[in-house]
Structures are given as C-alpha cells and as structure tokens.
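Student: prediction below, plus the sequence it came from.
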Amino acid sequence: MSATLSSVRPTSFDAAAFEQFLATRTEPAWATDLRRRAFEAYRESLVTELDPEEWKRVDIRAFRPEKFSIPAASTSTGAVETLLADRAEFAGAVSHSDGTCTRATLSDKWAQQGVLLGNLSDLIQTHGDILKPHLMTRAVKPDADRFSAWHGAFWTGGTVLYVPRNVEVNEPLYSLIGLGAEAAADFSHTLIILEEGASATLLEETSSASADATGVHVGAVELLLAPRSNLRYVQLQNWNDKVWHFAHQVGRVEADAYLQWTVGGLGARLAHIHQEVFLDGRGASAEVNGVTFATDKQLISYYTQQTHNAPNTRSDLLYKDVVRDKARCIWRGMIKVAKDAQRTDGYQRNDGLIMSDTCRVDAIPGLEIEADDVRCTHGATCGRVDEEQLFYCMCRGLTRSEAMHVIVEGFFQRVYDRIPVEIVRETLGHAVERKLGIGG
Amino acid sequence: MSSLLKITDLHVSVDDKPILKGVSLEIRQGEVHALMGPNGSGKSTLAYTLVGHPKYEITGGSIEIDGVNVNELDPCERARKGLFLAFQYPVTIPGVKVADFLRHAVTNIRTPNRKEGEGLIPMREFRKELKERMEELGMDIEFARRYLNEGFSGGEKKRMEILQLAMLQPKFAILDETDSGLDSDAVRVVSEGLRKLSGPQMGSLIITHHERLLEYNVPQFTHVILAGRIVETGDASLAHELHNHGYTAVRERHPAEAAEEEERQAKAKKAVGVGV
Ligand SMILES: Nc1ncnc2c1ncn2[C@@H]1O[C@H](COP(=O)(O)OP(=O)(O)OP(=O)(O)O)[C@@H](O)[C@H]1O
Ligand SMILES: [Mg+2]
C-alpha cells in the first residue's frame, strides 16, 4: 500500500499546482521527466482545438476542469458498490479509491513465478526498469491529445499487471477504480504488460461510492502484448451519472498474440473513450466487444480505431448500444490498414437499439486502406424495438415492458456470446437488468 | 363450468379499411371449430384481432370471455385470460433463448397477477416439463437453447408454436394455418400433438386450407368466411366438401359477398398496377 499523497490539494491544474503535485510524489527521475513533458503537452493542448473528427458530436462545454481536484487521501471507507468483486475467486486484486491504492493482493502461486500485480505508484519505485520501456511510450502517448496529456502529467496510481515470459495465469485477476469524494478527479492508469507467450485475464471496473458525488475520470489504459501472448481484458465503466469519464485506451498486439477486449459502458454523465488497437506483428489478432446502455440524459461516446500495421492480422469489433429516455450514444469507428499489411481481415460493426422517441444513436464506421489484398467489412444498424416482436411476446403473456426488456437482453446476447468469461457475461447481464429496473 | 369465447357482430378495420364486417362466433372450452375461407377473406384478421394486435382496430361489436368484454385489453392481458394464437408467420426474437422466453411466458400465464421482476417458475420443474413436452412433439431438446425462431425452418417454427401451446395450455387456441409449410410427417406430428392437447379444457379455432389437421381434430363446427363475413356454418362434412370442391358453390350461394370479394381483389390489383 502506498501513501505517496500528502495533504496538499491542488485546486486546479496550472503550473503551480503541478509543481505542488510533483512535490508529493516519490518516483524515479525518468518518471518525473515524463510528467513534465506531459504537462507541457497539456498546456499546449489547452490552446489548440480538439480533433473535430473525434469530438464534433461530443459536447463538453459544460465540463469545468477547475471544479475538480485530486483528493488528498482516500476519504471513502471502501464502500464502493461493485458488480464483479464478489462473483469469483480472484487470484489477485488491486483496488483504488479516490486515486489511492487501498488493497493489492496476489496469490503466492503467481507471485513466485514473477507475476506482478499492484499499484503503479509503488511498482514504479520497485520495478521501474520493467515499467519504463512501456509506460506512456508505446501505447498511450502524452501528446496524443488534451486528455492523454493531462493524464500523463497528473496520474496518481492505478493497476499494473506484468506477466513474465511463458507464464500462463489461468485464474482471473481483478481491479477496481473507485471514486468517493465530492468533486474528485481520478487519474488512474491501467498498465498491462505480457511478455512472450504469457497469458492473463484481468477484469476491471469503475464504480462510485455515492450516487450523487460529482467527479471526473481522466484515465489511460495500456495493453502491451508481446509475441504469442494472450490477454483478456474487461473494463466495466459503472460510475454514477454525475461523473465525467474521459479515457484513452490503447492495445498493441505483436506477432501471433491475441487480445480480447470487452468494454461495458453503463455509467457516467458523459463518457468519451478513445480506444485503439494496433496489430503490430504478423498474425496478431484482436477481438473488441462493446456493451453500452445509456439512459436518462447520459451521453456515451466511443472513438475506436483498429490499425493494421502487419500482414495476416485480424481485428473484429462488435459494439451493441441500447439507449433510452433522452440518452445518446455515439460511435465513430475506423479500420486503418497500412501499405504492407496484406491479407488483413478487419471487421467492425455497431448495432444500436432505441427504446424511446427522445434518444439517439449515431454510428459512423470508416475504412482507410492502403494495402490491396485485404478483406475489410463494416456495418452499422440502428432501429427501434420492433413492434411485431413486442406483439408476439405480449401474446405469450409478457407485459409490454417485460417484452421490451427481454428483447433488449436478447439484443445484447450476440455480444455476450463472444465473451468467453462466464462471470463477465453474467455481470453484464445483471447490470443491464438493474438498469432496466428489473432483478435485484 | 366451461368457459365461453363469444364474438358478436365484430367489425374490424386495418388502416381505416374495413376487413371484417360483422363476425359472430361462439366457442366453448372443449369444442373444435374449423374456420375456412379463400385467401384474403379475413381469417388471419380475425385471429389477430382476437389476441389484440394493435393494427387491427375494432370498429364495432365485441369479444367476450365468460361475459367479460376484452375489446380494450392488450395482448398480454388477453393471453393471461387464456387466449392463444399459433401464428401463421411466427416472429423471430433474436438472442432470446426458447427456454428463457417460455419460462417467462409460462410463469405469467399461470400466475396472471404476476408483476415483472417477481419470481419465475422454479428452473428444475420448468426444465422437466419443457423436456417432456418437447419429447412428445418429437423435438430435439437442443431447440430449448436456441434463440427463438432464429434460423428455424418454416416447419420448425410451426412446431415451436405447438410447443408453446402445449406449455401454456390456453383456454382458447387459435391456430392460423399451423399445418401449412410442413412436410407430411410434420403435419402428422403437429396434428397428433394438437389432438393430445385438445380436451375439455381447450377450445380451438383451426384455420386451415388442408384436411389433415382436421382428420386428427374433427371439428364439431365448420365456419366459412367470405369477404369478412361468416356465410355458412356446418359440421365436419362442410370442411370435407370445401376441401374437395373449393369455394365455387359457396360463392354461388352468397353472391353479394362473392361480388364484394371480387371488387376488393380488383382494387388490390389496380393498387399495385397489374392486370390493366
Ligand atoms: N396488416 C395489414 N395491413 C394491410 N392490409 C391487411 C393487413 N392484414 C390484413 N390485411 C388485408 O385484409 C384482407 C384479409 O387478410 P387476411 O390476412 O385476414 O386474410 P386470410 O383469410 O388470412 O388469407 P390467407 O388465406 O391468404 O392467409 C386482405 O385483403 C389483406 O390484404
Ligand atoms: Mg391468413
């Protein structure tokens, strides 16, 4: 456990606050240098426009960064409600609350084989040599945009998983990012490094301790898969509907490695996720699954890219979004194929289901292909709940609302079918039920 | 006392176009009725109207179950009162497993006051029952795990309708051409299945163009519908006659309805621009 944060409480994110923040950190010089470069990029990014291609449909004018600050220390008592924590026996778990690590465990079985699972703030001191080549250099780069820069300057901790060569961790691991304090800014970082031939499953969720505390999450996820490695990573975003969620999430997949990545978007007032998968080595493959359910006035937005940099690579993205009330879901997808990434197989698809007259789904797929021998397909569908399906269900004794719910759950089933981890399927199903207002 | 489904002078329109023009019919639990009539005469319209399809607007007359008017009830409420329709064209519900769907349906029909979210019938009990019914209908138990009607063949869909009928045990079952699109083995299975399900607890209205289903389920009453009106009612021999000789004689006996039918067909042709 770490106690690297003193009682200094930056009131905003200007240069003085940054210096104050740095003074509270205990970390190697290279990490501080990285932060300084990130902070510079952040200052510059504030006066440049956000990429309109990515942001034009996402209105963040109501977002006021100065209203949020990094909490001094965890004030909540760990009473964060979780969806996943009690569903399985995890071989290791890391929990963060208000940016501070409150728990980090890993069973001896895996620790003895050199697996690391813990808090970034600690591991950067004890295992800096392992983290340095990966942390914010290959996947999420601080100068990518305003939010990645902001994150790079102010990250406070987060979950690190490192699996050495040929170690196959065949029990799931767990990570929790919790927010409790009012107006808290969370800068948790998730870093997963798999060496050659390694494999692991990490299930991560974000959750609020209270239903009405405001907050912001400026997160980064970096998934680094060496050749022949195999990672299943799940992130279930389940903040309360007062939290702003900005996340830059990148996976880099080397030769013959396989990434299976599932994102669940349930919470947040506004969520924008920039998600990129790079297929960097021959034979690399990635499957990306998305389950989004937005209600009330929520806006959940994704900007996804599948970039094929090597031949014989495969990517397969399937997102399913359900919106209700006045909610809105935006998906902008892109498959990019580099010139020499021949025999690439790329697929992307987003299906939207609309439950009321006042909600909306915008799904825009896209392709940028420079190689000539490829197979890339994309698609987007969007529609209302089908009246004939509702009628049929009602003829079998289901009320209109129950029929609607059964149809919505069926709509998500296609994605669930692709998720091999049973507890994830169950958890998503359960979370959707709860949001629908049924079940316990 | 056996229940009564009473249809009185029912007038129904679709998109403001009158289709049924005064249909009256009484079906008691335990009775088998056949409803026959040429294409487009209004059979499916009657079936959909009975179970409450929102597109079919009742412009006059009433549907009553045991003296209670159900005109204003939605399809769910009518189903819980014991009405069941085996669809001519069953609907696919993507991603919803047959077993899960039926468990909801069975629970609701057996506990008509159930609210959403309240407990479902115990899994073990339900599974056992489902398995038994599927075996009786010669269905592979694997179907229980498939998504409802997704990728089913025409015959498999019809069998699924009969399975639902078997599980829900309605007071009144309307079967809309459940025997069409089936190979002869499947017609036999479905016909036998229906016979087993019939009994003093179920009244049925069998809509069919074929005779096989009626051989296994001999109707006490055969009704002939023409241009939205029931023009004749007889016994099983009427069904036999219609099957052998078609509707020519019926049209001759009811020239007014026959003329209406012809007029409607001419209009429909004009509307799609054929046969100028
Ligand atoms: N949903 C609808 N929208 C428009 N017209 C309809 C609709 N349903 C029925 N009709 C019209 O009502 C008339 C009766 O149709 P219905 O389906 O009841 O006939 P049917 O007796 O079941 O015929 P079939 O033997 O071909 O099944 C037809 O002219 C049909 O086009
Ligand atoms: Mg019909």
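Tutor: Received, thanks. Ligands and ions are numbered 1, 2, ... in the order given.
Student: tally of neighbours for the closest residue to ligand 1 within the stretch 101-250 of chain B?
Tutor: As assessed by Cβ to the nearest ligand atom, ligand 1 sits closest to B:E177 within the stretch 101-250 of chain B, at 6.2 Å. All C-beta atoms are positioned from the backbone trio N, CA, C, and that covers glycine. For B:E177, the neighbour count with other Cβ atoms under 10 Å in any protein chain shown is 21.
Student: quick check: it touching B:L205?
Tutor: No - with contacts counted by Cβ atoms under 8 Å, B:E177 stays clear of B:L205, the gap being 12.0 Å.
Student: okay, B:I63 and B:K43: tell me how far apart.
Tutor: Separation of B:I63 from B:K43 (Cβ to Cβ, to the nearest Å): 16 Å.
Student: ugh, typo on my part, it should be A:R43
Tutor: The spacing between A:R43 and B:K43, counted by Cβ to Cβ, is 75 Å.
Student: again with B:H33
Tutor: Counting by Cβ to Cβ, the separation of B:H33 from B:K43 is 12 Å.
Student: same deal with B:S237?
Tutor: 20 Å.
Student: so the two - more neighbours on which side?
Tutor: Counting neighbours by other Cβ under 10 Å for B:S237 and for B:K43 shows that B:K43 has the greater number, 23 against 9.
Student: can you list contacts of stretch B:99-110?
Tutor: A:393, A:396-399, A:402, A:406, B:76, B:79-80, B:93, B:114, B:119-121, B:123, B:126-127, B:130, B:144-145, B:148, B:163-164, B:167-170 (Cβ atoms under 8 Å, 6 or more residues apart in numbering or on different chains).
Student: quick one: low-confidence parts of chain A?
Tutor: Within chain A, the ranges that satisfy pLDDT under 70 run A:1-11, A:73-79, A:438-440.
Student: now do 90
Tutor: The model of chain A has pLDDT under 90 over residues A:1-12, A:47, A:71-89, A:420-422, A:424, A:426-427, A:429-440.
Student: which non-adjacent residue is nearest the residue nearest the centre of it?
Tutor: Nearest to the mean C-alpha position of chain A, by Cα atoms, centre = their mean, lies A:Q235 at 5.1 Å. Excluding its sequence neighbours, the residue lying closest to A:Q235 (Cβ to Cβ, 6 or more residues apart in numbering or on different chains) is A:E204, at 4.7 Å.
Student: on the three-state scheme, the one you found is what?
Tutor: Of the three states, A:E204 takes strand under DSSP: H, G, I helix; E, B strand; the rest coil.
Student: list the contacts of it.
Tutor: A:E204 sits next to A:159, A:174-177, A:190, A:233-236 when contact means Cβ under 8 Å, 6+ apart.
Student: count of neighbours near B:E129?
Tutor: The local packing of B:E129 (other Cβ under 10 Å) involves 15 other residues.
Student: ok, it touching B:L168?
Tutor: No - using Cβ under 8 Å, B:E129 is not in contact with B:L168; the gap is 11.4 Å.
Student: could you look up the SS state of the closest residue to ligand 2 within chain A?
Tutor: Per Cβ to the ion, A:E388 is where chain A lies closest to ligand 2, at 15.1 Å. Under three-state DSSP, the three-state class of A:E388 is helix.
Student: check what pLDDT the nearest residue to it once chain neighbours are set aside gets.
Tutor: Residue nearest to A:E388 in three dimensions, not counting chain neighbours: B:V91, with 5.3 Å by Cβ to Cβ, 6+ apart. On pLDDT, B:V91 comes in at 97.
Student: and B:V91, which of the three is it?
Tutor: coil.
Student: phi, psi for it please.
Tutor: Torsion angles at B:V91 (phi, psi; degrees, to the nearest 10) stand at phi -90, psi 140.
Student: ok, now which ones touch it?
Tutor: Shown in contact with B:V91 (Cβ under 8 Å, 6+ apart): A:388-389, A:391-392, B:149.
Student: at 10 Å instead, please
Tutor: Neighbouring residues of B:V91 by Cβ atoms under 10 Å, 6 or more residues apart in numbering or on different chains: A:386, A:388-393, A:395, B:148-149, B:157.
Student: now A:S401
Tutor: A:390, A:436-438, B:76, B:115-117.
Student: try 7 Å this time
Tutor: A:S401 makes contacts with B:E116, as judged by Cβ atoms under 7 Å, 6 or more residues apart in numbering or on different chains.
Student: send me the helix or strand harbouring it as PDB with only the CA atoms.
Tutor: Counting by DSSP states H and E, the element that carries A:S401 is helix A:400-416. Taking Å, rounded to 0.1, in the frame of the first residue of the first chain, the C-alpha atoms of helix A:400-416 are listed here in PDB:
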ATOM      1  CA  ARG A 400     -45.100  -4.600 -22.900                       C
ATOM      2  CA  SER A 401     -42.300  -3.500 -20.600                       C
ATOM      3  CA  GLU A 402     -41.200  -7.100 -19.800                       C
ATOM      4  CA  ALA A 403     -41.200  -7.800 -23.600                       C
ATOM      5  CA  MET A 404     -39.100  -4.700 -24.200                       C
ATOM      6  CA  HIS A 405     -36.600  -5.900 -21.600                       C
ATOM      7  CA  VAL A 406     -36.500  -9.400 -22.900                       C
ATOM      8  CA  ILE A 407     -35.800  -8.000 -26.400                       C
ATOM      9  CA  VAL A 408     -33.100  -5.700 -25.100                       C
ATOM     10  CA  GLU A 409     -31.400  -8.600 -23.300                       C
ATOM     11  CA  GLY A 410     -31.600 -10.600 -26.500                       C
ATOM     12  CA  PHE A 411     -30.100  -7.700 -28.400                       C
ATOM     13  CA  PHE A 412     -27.000  -7.800 -26.200                       C
ATOM     14  CA  GLN A 413     -26.800 -11.600 -26.300                       C
ATOM     15  CA  ARG A 414     -24.800 -11.500 -29.500                       C
ATOM     16  CA  VAL A 415     -22.000  -9.800 -27.800                       C
ATOM     17  CA  TYR A 416     -22.300 -11.900 -24.600                       C
END
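Student: contacts for the very next helix or strand once past that helix, please.
Tutor: Using DSSP H and E, the next helix or strand after helix A:400-416 towards the C-terminus is helix A:422-436. The contact list for helix A:422-436 (Cβ under 7 Å, 6+ apart) reads A:83-84, A:87-88, A:203, A:234, A:236, A:238, A:262, A:264, A:266, A:291, A:293, A:295, A:405, A:408-409, A:412, A:416, A:419, A:439.
Student: and stretch B:217-237, by the same measure?
Tutor: Stretch B:217-237 has contacts (Cβ under 7 Å, 6+ apart) with B:19-23, B:25, B:31-37, B:41-43, B:191, B:194-195, B:198, B:206, B:214, B:238-239, B:242, B:250, B:254, B:257-258, B:260-261, B:264.
Student: buried ones among those residues?
Tutor: Buried members of the contacts of stretch B:217-237, scored by 16 or more other Cβ atoms under 10 Å in any protein chain shown, are B:19-21, B:23, B:25, B:31-37, B:41-43, B:191, B:194, B:198, B:206, B:214, B:238-239, B:242, B:250, B:254, B:257-258, B:260-261, B:264.
Student: from these, which land in strands?
Tutor: Judged by DSSP state E, the buried ones among the contacts of stretch B:217-237 include B:19-21, B:23, B:25, B:32-36, B:206 as members of strands.
Student: of these, closest to B:D9?
Tutor: Nearest to B:D9 among those, counting by Cβ to Cβ, is B:V23 at 7.5 Å.
Student: now do the contacts for the closest one.
Tutor: B:7, B:10, B:46, B:229-230.
Student: which of these tops the neighbour count?
Tutor: Sorting the contacts of B:V23 by how many neighbours each has (other Cβ under 10 Å) puts B:L46 first, at 28 neighbours.
Student: the spatially closest residue to the residue of the stretch 101-250 of chain B closest to ligand 1 that is not a sequence neighbour sits in which helix or strand?
Tutor: Residue nearest to B:E177 in three dimensions, not counting chain neighbours: B:Q88, with 4.7 Å by Cβ to Cβ, 6+ apart. In this structure, B:Q88 sits in neither a helix nor a strand according to DSSP H and E.
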